[in-house]
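[1] Turn this into a structure:
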Amino acid sequence: MENIIQLIFKALKLGILIYLGYCAMLFIMQRKMMYPRSMIPVPPKPDQGMPGIETIWIKTGFGDVEAWYLPPKQGSPCPAPAVIFAHGNGDLIDYLAEYYKPFTNLGVGLFLVEYPGYGRSAGSPSQGSITETFVNAYDILAAKEEINSSKIVLFGQSLGGGAVCALAEKRPSAGLILMSPFISAKKMASGYFVPGFLLLDKFDNISLVKKYSSPILIIHGNHDEIIPYSHGVTLSKVAKSCEFITYNSGHNDCPPNWGVFWKDVEGFLKKAGIF
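    Prediction:
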């Protein structure tokens with residue numbers, strides 16, 4: 001019996017050591033996992049095939065970060081509303097302009113902001129550097145004469161939800177669109193059995209959503225294999241004013257139908273009084 005107890009204690013000690021090693025490894029690697037920028041191919045230069053893109057370099061304390069501005073289509077009311085877009089952790093603005101350009105056909109300006117250290121941008125990604133970048137980007141956009149600064153909408157996809165929620169803490173916005181969002185980085189970490197206090201970047205989206213007073217649109221795929229669908233549901237339930245839309249999709253194929261997506265977004269913007 002005594003030998004069995006000793007074996008149990010040895011197994012427990014080994015299990016604890018393995019778990020501590022696991023946590024230590026994730027602590028060291030967390031930003032490489034959260035921001036896998038080294039795995040994303042970088043085009044040698046910005047897309048020259050799409051007319052109307054204005055490249056804007058955002059000044060920050062750690063260097064210049066690239067952003068692309070696409071103005072509303074000609075003939076749109078002036079000043080016009082605008083959207084600041086933050087992409088997922090495995091993307092670049094280079095790959096997204098063609099997908100989100102339809103905002104401009106709605107008479108809405110589009111500002112695609114890169115993350116520090118991604119693509120051709122200086123710095124390293126973190127919650128602090130991303131927030132600084134997006135705050136400075138917001139100020140640049142709001143200062144444009146053709147943009148109605150009272151009708152700026154923040155749109156974040158996946159990790160981008162954390163970026164725009166952090167921005168919403170710092171600057172006013174007329175609406176918030178979250179696609180495939182997470183409750184918080186802490187909640188995501190719990191899925192990997194990692195204590196939240198080890199996280200360097202908290203991205204506490206739920207705290208912002210709870211107190212956000214402007215309309216929110218949340219879109220989530222019911223088969224999301226990366227950020228559980230329950231995260232979107234929870235965020236929608238704590239919001240003051242929220243429209244929640246479910247797509248029959250996973251994470252990387254959301255939205256599954258771009259035509260439906262644009263009808264949903266246009267409907268939300270109209271109900272929110274953006275145009």
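
[2] what residue ranges in the stretch 51-200 of the chain score low on pLDDT?
    For the stretch 51-200 of the chain, applying pLDDT under 70 flags no range at all.

[3] do you know how far residue 31 is from residue 185?
    11 Å (C-beta to C-beta, to the nearest Å). (C-beta placed from N, C-alpha, C; glycine too.)

[4] Compare those two and say which is more crowded by neighbours.
    Per other C-beta atoms under 10 Å, whichever of residue 31 and residue 185 has more neighbours is residue 185, with 21 against 17.

[5] which ones are touching that one?
    Residue 185 sits next to 34, 162, 196, 199, 201-204 when contact means C-beta atoms under 8 Å, 6 or more residues apart in numbering.

[6] swap the cut-off to 6 Å and go again
    199, 201-203 (C-beta atoms under 6 Å, 6 or more residues apart in numbering).

[7] now, among those residues, which is nearest to residue 83?
    Of all these, residue 83 sits closest to residue 203, with 20.2 Å by C-beta to C-beta.

[8] Assign residue 218 to helix, strand or coil.
    strand (DSSP: H, G, I helix; E, B strand; the rest coil).

[9] is it in a bridge, and if so with what?
    residue 178, residue 244 (DSSP bridges).

[10] related to what we said a few turns ago, quick check: the farthest pair among the contacts of residue 185?
    Among the contacts of residue 185, 199 and 203 lie farthest apart (C-beta to C-beta), at 8.6 Å.

[11] if you count what's nearby, which of the two comes out ahead?
    With neighbours defined as other C-beta under 10 Å, residue 199 and residue 203 compare such that residue 203 has more, 25 against 19.

[12] didn't that one look like it was pressed against residue 162?
    Yes. Contact status for residue 203 versus residue 162: in contact at 3.3 Å, counting by C-beta atoms under 6 Å.

[13] Find the residues that touch each one of the two.
    The overlap between the contact sets of residue 203 and residue 162 (C-beta under 6 Å, 6+ apart) is empty.

[14] quick one, strands of the chain?
    Assigned by DSSP state E, the strands in the chain fall at 54-60, 63-70, 80-86, 109-113, 147-157, 175-179, 216-221, 242-247.

[15] Just send the ones you listed back as JSON lines, with mean neighbour count and distance to residue 133 too.
    Shown next, in JSON lines, are the strands of the chain (neighbours: other C-beta atoms under 10 Å; distance: least, C-beta to C-beta, whole Å):
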{"stretch": "strand 54-60", "mean neighbour count": "15", "distance to residue 133": "6"}
{"stretch": "strand 63-70", "mean neighbour count": "21", "distance to residue 133": "5"}
{"stretch": "strand 80-86", "mean neighbour count": "26", "distance to residue 133": "10"}
{"stretch": "strand 109-113", "mean neighbour count": "26", "distance to residue 133": "7"}
{"stretch": "strand 147-157", "mean neighbour count": "22", "distance to residue 133": "13"}
{"stretch": "strand 175-179", "mean neighbour count": "26", "distance to residue 133": "18"}
{"stretch": "strand 216-221", "mean neighbour count": "24", "distance to residue 133": "23"}
{"stretch": "strand 242-247", "mean neighbour count": "17", "distance to residue 133": "27"}
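
[16] closest one to residue 14 among these?
    strand 216-221 (39.4 Å).

[17] elements contacting that closest one?
    strand 175-179, helix 229-238, strand 242-247 (3 or more C-beta pairs under 6 Å, 6 or more residues apart in numbering; DSSP states H and E).

[18] Let's have those in JSON lines, adding distance to residue 213.
    Formatted as JSON lines, these follow (distance: least, C-beta to C-beta, whole Å):
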{"stretch": "strand 175-179", "distance to residue 213": "10"}
{"stretch": "helix 229-238", "distance to residue 213": "13"}
{"stretch": "strand 242-247", "distance to residue 213": "12"}
